[in-house]
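J.: Sequence and predicted model, in that order:
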Amino acid sequence: MSQKPARRLSHRRLYEGRVLALDLDEVEEPGGIRAQREVVRHPGSVAVLAVDDRGCAVLVRQYRYPVDEEVWELPAGRLDPGESPEQAARRELEEEVGLRPRVLERIAFFYTTPGFCDEAMHLFRASGLTRVPPRPEADEKLEIRWFSFHELGRMMESGDLREGKTLLALLLEERRLREVSL
């Protein structure tokens with residue numbers, strides 16, 4: 001289904017911060033629909049499913065203010081200006097959990113919440129891991145833990161894992177493991 005793109009009739013930047021910007025646009029969308037759209041502008045992000053030689057994956061738990069709880073999730077972060085997704089994935093893995101991958105493969109690309117945000121996420125699988133000193137940012141208080149895929153499966157079923165990029169990565173890895181064993 002090929003439609004002409006939306007036409008922006010007016011634009012106003014409501015906020016610009018360190019992590020994101022918020023725009024208010026009046027648009028005419030395909031089909032003639034006129035509407036005001038609030039759009040969060042984001043530079044893009046990466047997340048990394050790091051898997052060791054035993055077949056375990058590393059997650060970090062950190063407090064997330066928007067949901068007011070500590071959340072288990074993949075090492076992840078936003079793209080810095082001029083940085084490729086691969087460079088960002090390697091940087092985040094080293095900074096957050098102190099791991100350098102020999103192999104880094106892209107496993108997915110998706111929009112996190114396209115109803116109101118343009119954030120594009122690049123999801124990677126890392127293996128052949130070497131330990132290096134972690135370098136978390138000053139405002140990051142991370143708990144780092146390795147989990148077997150059996151444990152992670154139980155955490156998904158119980159609802160203890162409920163962060164989107166992490167769930168997607170684990171489901172893709174589960175599918176990959178099934179295909180490898182066939």
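T.: Okay, I see it.

J.: Need the three-state assignment for Glu26.
T.: Per DSSP: H, G, I helix; E, B strand; the rest coil, the secondary structure class of Glu26 is strand.

J.: Please name the bridge partners of it.
T.: When bridges are assigned using DSSP bridges, the partners listed for Glu26 are Ser10, Gln36.

J.: Over to Val48?
T.: On the basis of DSSP bridges, Val48 takes part in beta bridges with Phe124.

J.: I'd assumed Glu95 was in contact with it.
T.: No - the pair formed by Val48 and Glu95 falls short of the contact definition of CB atoms under 8 Å, at 11.0 Å. Quick note: C-beta positions are derived from backbone N, CA and C, even for glycine.

J.: ok now do Leu129, which residues does it touch?
T.: Applying CB atoms under 8 Å, 6 or more residues apart in numbering to Leu129 gives the contacts Ala50, Asp52, Leu99, Arg100, Pro101, Arg102.

J.: And for Lys165?
T.: For Lys165, the set of contacting residues under the criterion of CB under 8 Å, 6+ apart consists of Ala47, Glu73, Leu74, Ala76, Thr112, Met121, Leu123.

J.: Need phi/psi at it.
T.: As for Lys165, its main-chain torsions (degrees, to the nearest 10) stand at phi -60, psi -30.
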